[in-house]
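Asker: From the sequence below, what's the structure:
(one chain, ligands or ions: 1)
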Amino acid sequence: MATPLVVSEVSKSFTMHLRDGIRLPVVADVAFSVKSGECVVLGGPSGVGKSSILKMLYGNYGVDEGQILMEHDGRLVNLAAAEPRLVLEVRRVTLGYVSQFLRVVPRVSALDIVAEPLQARGVAVEEARERAADVLSKLNLPNALWDLPPATFSGGEQQRVNIARGFITDHKILLLDEPTASLDARNRAVVVEMIAAKKAEGAALVGIFHDEKVRDAVADRIIDVSEFSPRKSAV
Ligand SMILES: Nc1ncnc2c1ncn2[C@@H]1O[C@H](COP(=O)(O)OP(=O)(O)OP(=O)(O)O)[C@@H](O)[C@H]1O
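Answerer: So this is what the prediction gives:
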């Protein structure tokens, strides 16, 4: 089975520039891999570094040491050392990310926000919009909202726009940061189904889910991020 994501000996600390440059180690020697069709969940207590790992995997946070290897366009790319232009290309083609909160673009409708990643991959506007409408209706977002910019939407409505945008493409690697945090039970169940469908299509998923029921429904493996605590490796 293919392994589109391999994380090898990754360490990260934050430098607090306003605090005399104090360095706060967050994680050390992070190592795991994710196969096609597998959903790996990052677990462990609050503040242990789960979101930081996800942000490193997406290239939003730099990495002090180690490699983040991804299969991209028929070759292996180390995202930890990639030029910004390559990071953007990997995100367009290979790597999707559903963050907890929607980054709202003024004046752009919910439908167009969801259709945009497909258009960036060369799908014609009309088809991209049709597919966006399909995903939004699957997620029970009322039709009346589709043509409006989501700035005024409720937390759960914004989150569904975000999920639709992340799930609409066939990215081979998908990162999920608490995608169900603001959803009701009915829509949580829809997202669980959508994650199962992604696995069946062979995507490799890494997620953070605080909701135990969701976590148990989607996880093939739970990695306790405390394993990578720098304090532990110093003992
Ligand atoms: N940009 C940043 N600058 C400085 N410190 C940061 C930054 N981002 C995260 N941290 C620190 O790194 C540690 C890990 O944070 P992170 O958000 O990764 O934890 P988490 O396991 O996802 O927590 P939670 O479950 O509460 O969301 C925390 O101590 C946090 O304060």
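Asker: so which strand or helix has the residue nearest to the spatial centre of the chain?
Answerer: The centroid of the chain falls nearest to residue 175 when counting by CA atoms, centre = their mean (2.3 Å). Assigned by DSSP states H and E, residue 175 belongs to strand 173-177.
Asker: Show me what that strand is packed against.
Answerer: When contacts are defined as 3 or more CB pairs under 8 Å, 6 or more residues apart in numbering; DSSP states H and E, strand 173-177 sits against helix 50-58, strand 95-98, helix 155-167, strand 204-208. Every residue, glycine included, has its C-beta placed from N, CA and C.
Asker: got the CA positions of that strand in CSV?
Answerer: The C-alpha trace of strand 173-177 is given here as CSV (Å, rounded to 0.1, in the frame of the first residue of the first chain):
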residue,chain,number,x,y,z
ILE,A,173,-3.2,14.0,1.8
LEU,A,174,-5.8,15.7,3.9
LEU,A,175,-5.2,17.5,7.3
LEU,A,176,-8.2,18.0,9.6
ASP,A,177,-8.0,20.4,12.6
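Asker: quick one: buried residues of stretch 153-166?
Answerer: By 16 or more other CB atoms under 10 Å, the buried positions in stretch 153-166 come out as 153, 156, 157, 158, 159, 160, 161, 162, 163, 164, 165, 166.
Asker: hang on, isn't the last one packed against residue 174?
Answerer: Yes. The pair residue 166 / residue 174 is scored as a contact, 6.7 Å apart, by CB atoms under 8 Å.
Asker: Overlap of the contact sets of these two?
Answerer: 96, 97, 98 (CB atoms under 8 Å, 6 or more residues apart in numbering).
Asker: most neighbours, which of the residues you listed?
Answerer: Highest neighbour count within those: residue 96, with 24 neighbours (other CB atoms under 10 Å).
Asker: Let me see the contact set for it.
Answerer: By CB under 8 Å, 6+ apart, the neighbours of residue 96 are 117, 166, 167, 169, 171, 173, 174, 175.
Asker: repeat that with 10 Å
Answerer: In this structure, residue 96 makes contact with 58, 117, 165-176, 198, 203, 205, judged by CB atoms under 10 Å, 6 or more residues apart in numbering.
Asker: Please pick the buried ones from those.
Answerer: Buried among the contacts of residue 96 (16+ other CB under 10 Å): 58, 117, 165-169, 171-176, 198, 203, 205.
Asker: angle of the strand holding residue 175 against helix 50-58?
Answerer: Inter-element angle recorded for strand 173-177 and helix 50-58: 150 degrees (by axes from the mean of the first three to the mean of the last three CA atoms, to 10 degrees).
Asker: Next, the angle helix 155-167 makes with strand 173-177.
Answerer: 170 degrees.
Asker: Strand 173-177 near the ligand anywhere?
Answerer: No. Interface with the ligand: strand 173-177 contributes nothing (CB under 6 Å from any ligand atom), its closest point being 8.3 Å away.
Asker: Can you give me the distance of residue 139 to the ligand?
Answerer: Using CB to the nearest ligand atom, to the nearest Å, residue 139 is found at 24 Å from the ligand.
Asker: could you pull out the strands for this structure?
Answerer: Under the criterion DSSP state E, the chain contains strands at 5-16, 22-34, 39-43, 65-72, 75-78, 95-98, 173-177, 204-208, 221-224.
Asker: Appreciated, that's everything.
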